[in-house]
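> Here is the input, now give the coordinates:
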Amino acid sequence: MSRRRRHGLELAAGCTVAIAALFLGSGIPAVADPGEPSPRPRREVPPEMLASMQRDLGLTADEARMRISNEYRAGATEPGLRKSLGGSYGGAWVTGNTAELTVATTDEQQSGTITAGGAKAAVVKHSLKALTDAKQALDRTASERPPAADVASAWYVDVKTNSVVVQSAKPSEAAAFVATSGADREVVRVVESAERPSPLYDLRGGEAFYINDAARCSIGFSVTQGEENGFVTAGHCGSQGDTTTGFNRVAQGSFQGSTFPGHDYAWVSTNADWVPQPWVIGPDGTNVTVTGSQEAPVGSSVCRSGSTTGWHCGTIQQHDTSVQYPQGTINGVTRTNVCAEPGDSGGPFISGSEGQGVTSGGSGNCTVGGTTYYQPVNPILTTYGLTLTTG
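Below is the predicted model of the structure:
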């Protein structure tokens with residue numbers, strides 16, 4: 001471990017992701033059958049949802065509203081048709097900009113039942129049960145003898161094509177996987193695909209990360225640089241080229257720039273498994289949204305998140321401080337009366353919802369109190385051409 005890492009506060013700060021669940025009411029209640037539960041109360045569609053649908057699905061505002069309304073109606077209609085069709089039911093899906101419902105059946109004579117129920121009918125060869133049975137056979141085999149990711153990267157019931165699809169970069173080996181499972185080969189399709197799914201992890205300010213599988217620091221704030229995602233942290237945590245792993249020891253990224261001493265800042269670019277989020281870990285593990293990086297004046301309240309001691313608050317004492325570390329002088333840091341301990345280095349300081357900086361060093365601890373300095377975040381963004389991820 002380098003001399004500077006031995007002497008600096010080494011902290012892992014995690015980047016927090018908050019997932020907000022939105023109730024997507026259509027604004028148009030569905031018609032309930034007699035004896036069925038009453039439909040959910042009328043809700044307006046959140047304008048943010050409409051805007052996102054227009055952007056990502058290429059819809060007009062009217063199409064977005066109609067789509068949500070029809071999707072709601074489809075969700076209310078499908079269970080009744082599934083029950084009516086019984087063993088001939090082949091699945092259901094919506095298509096088009098306005099989400100027209102199609103229901104499949106293996107019995108052509110049931111087409112009238114489907115159209116009377118308000119959906120388009122499709123006659124298929126295999127029932128949904130046959131598709132599900134084949135998929136479950138693949139599941140059982142995979143649980144006992146998992147295939148390599150390039151042999152079978154994913155498999156699923158595809159009601160639109162009335163088949164079970166196995167994605168594979170090696171179709172011949174995937175065929176052997178299907179044969180071993182005992183799944184009905186007539187039902188299963190192997191599709192060549194280079195897709196290699198992997199877990200996604202959130203970057204949260206205050207979360208731990210590890211440098212070269214040794215030293216530990218904390219994530220400061222999520223950032224982007226063009227198409228690159230990453231986070232800012234303290235410079236004493238690592239040197240350019242050092243590799244990082246996340247709180248879970250999964251490969252994460254590498255240091256793209258680092259300055260220490262003189263200043264104490266760095267940024268790490270991350271791989272596609274890590275998603276930058278506009279959050280820092282707050283009290284009791286809650287997520288605090290970062291909305292900007294406007295500098296707070298002296299005397300302002302400020303809180304810090306770190307992987308060793310968690311969430312602590314205090315006030316800003318002085319800006320533009322120079323502090324002498326054993327490794328050299330650090331200029332332009334902010335002095336606070338917030339406590340910190342080794343491992344908290346690099347973690348975020350935030351005032352209200354405005355990001356302030358990343359933990360550098362200090363004295364004392366969180367038992368008796370102390371003084372902690374942070375490197376302001378705006379100079380880091382400017383130096384490396386970064387954009388702060390905000391909510």
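> Neighbours of residue 158, how many?
Applying other CB atoms under 10 Å, we find 16 residues neighbouring residue 158. In short, each C-beta sits where N, CA and C put it, glycine included.
> now this protein, which segments are flagged as low pLDDT?
Applying pLDDT under 70 to the chain picks out residues 1-46, 48, 198.
> and if we set it to 80?
For the chain, residues meeting the criterion pLDDT under 80 lie at 1-46, 48-49, 52, 195-200.
> Check which helices and strands the longest helix along it sits against.
Determined from DSSP state H, the single longest helix within the chain is helix 61-85. Using 3 or more CB pairs under 8 Å, 6 or more residues apart in numbering; DSSP states H and E as the contact criterion, the elements in contact with helix 61-85 are helix 47-57, strand 89-95, strand 100-105, helix 111-116.
> most neighbours per residue, which of those?
Of the helices and strands packed on helix 61-85, the one with the most neighbours on average (mean count of other CB atoms under 10 Å) is strand 100-105, at a mean of 22.
> Each with direction, which strands does that strand pair with?
Applying DSSP bridges to the sheet, strand 100-105 is found paired with strand 89-95 (antiparallel), strand 120-123 (parallel).
> could you dump these to CSV with distance to residue 324?
Formatted as CSV, those follow (distance: least, CB to CB, whole Å):
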stretch, distance to residue 324
strand 89-95, 66
strand 120-123, 76
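> quick revisit: JSON lines for the helices and strands packed on helix 61-85, including distance to residue 220?
Conversion of those to JSON lines gives the following (distance: least, CB to CB, whole Å):
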{"stretch": "helix 47-57", "distance to residue 220": "27"}
{"stretch": "strand 89-95", "distance to residue 220": "43"}
{"stretch": "strand 100-105", "distance to residue 220": "48"}
{"stretch": "helix 111-116", "distance to residue 220": "56"}
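> of those, which approaches residue 383 most closely?
With CB to CB as the criterion, residue 383 lies closest to helix 47-57 of these, at 31.9 Å.
> Just the C-alphas of the closest one, formatted as PDB.
The C-alpha coordinates for helix 47-57 follow below in PDB (Å, rounded to 0.1, in the frame of the first residue of the first chain):
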ATOM      1  CA  PRO A  47     -46.800  14.300 -16.400                       C
ATOM      2  CA  GLU A  48     -43.200  13.000 -15.900                       C
ATOM      3  CA  MET A  49     -44.400   9.600 -17.100                       C
ATOM      4  CA  LEU A  50     -46.000  11.000 -20.200                       C
ATOM      5  CA  ALA A  51     -42.900  13.000 -21.100                       C
ATOM      6  CA  SER A  52     -40.700   9.900 -20.600                       C
ATOM      7  CA  MET A  53     -43.000   7.800 -22.800                       C
ATOM      8  CA  GLN A  54     -43.000  10.400 -25.600                       C
ATOM      9  CA  ARG A  55     -39.200  10.500 -25.400                       C
ATOM     10  CA  ASP A  56     -38.400   6.900 -25.200                       C
ATOM     11  CA  LEU A  57     -41.200   5.300 -27.200                       C
END
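> And the contacts of it?
Residues outside helix 47-57 that contact it (CB atoms under 8 Å, 6 or more residues apart in numbering): 22, 24, 59-61, 64-65, 67-68, 97.
> And those residues, which is closest to residue 277?
For these, the closest approach to residue 277 (CB to CB) belongs to residue 22, at 16.9 Å.
> Please spell out which residue in this structure sits farthest from the middle.
Distance to the chain centre peaks in the chain at residue 109, reaching 45.8 Å (criterion: CA atoms, centre = their mean).
> Who does the residue nearest to residue 210 when sequence neighbours are not counted form a beta bridge with?
Spatial nearest neighbour of residue 210, excluding adjacent residues (CB to CB, 6 or more residues apart in numbering): residue 245 at 4.8 Å. Counting by DSSP bridges, residue 245 forms beta bridges with residue 210, residue 251.
> Residue 245 and residue 238: what is the separation?
Separation of residue 245 from residue 238 (CB to CB, to the nearest Å): 12 Å.
> Looks like residue 180 contacts residue 141 (just checking).
Yes: using CB atoms under 8 Å, residue 180 makes contact with residue 141 at a distance of 5.7 Å.
> sorry, back to before: can you list the contacts of helix 47-57 in TSV and add neighbour count and distance to residue 376?
Converted to TSV, the contacts of helix 47-57 look like this (neighbours: other CB atoms under 10 Å; distance: CB to CB, whole Å):
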residue	neighbour count	distance to residue 376
22	10	35
24	12	40
59	17	42
60	11	44
61	12	42
64	21	41
65	18	45
67	22	45
68	21	44
97	15	47
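> which among those residues gets closest to residue 369?
Of the contacts of helix 47-57, the one sitting nearest to residue 369 (CB to CB) turns out to be residue 22, at 41.9 Å.
> quick revisit: among the strands paired with strand 100-105, which comes closest to residue 279?
With CB to CB as the measure, strand 89-95 is the member of those nearest residue 279 (33.2 Å).
> Return the angle between stretch directions for the closest one and helix 61-85.
Relative orientation of strand 89-95 versus helix 61-85 (axes from the mean of the first three to the mean of the last three CA atoms, to 10 degrees): 170 degrees.
> Identify the residues contacting strand 89-95?
Strand 89-95 is contacted by residues 70-71, 74, 78, 81-82, 100-106, 119, 122, 124, 126-129, 131, 157, 159-160, 162 when judged by CB under 8 Å, 6+ apart.
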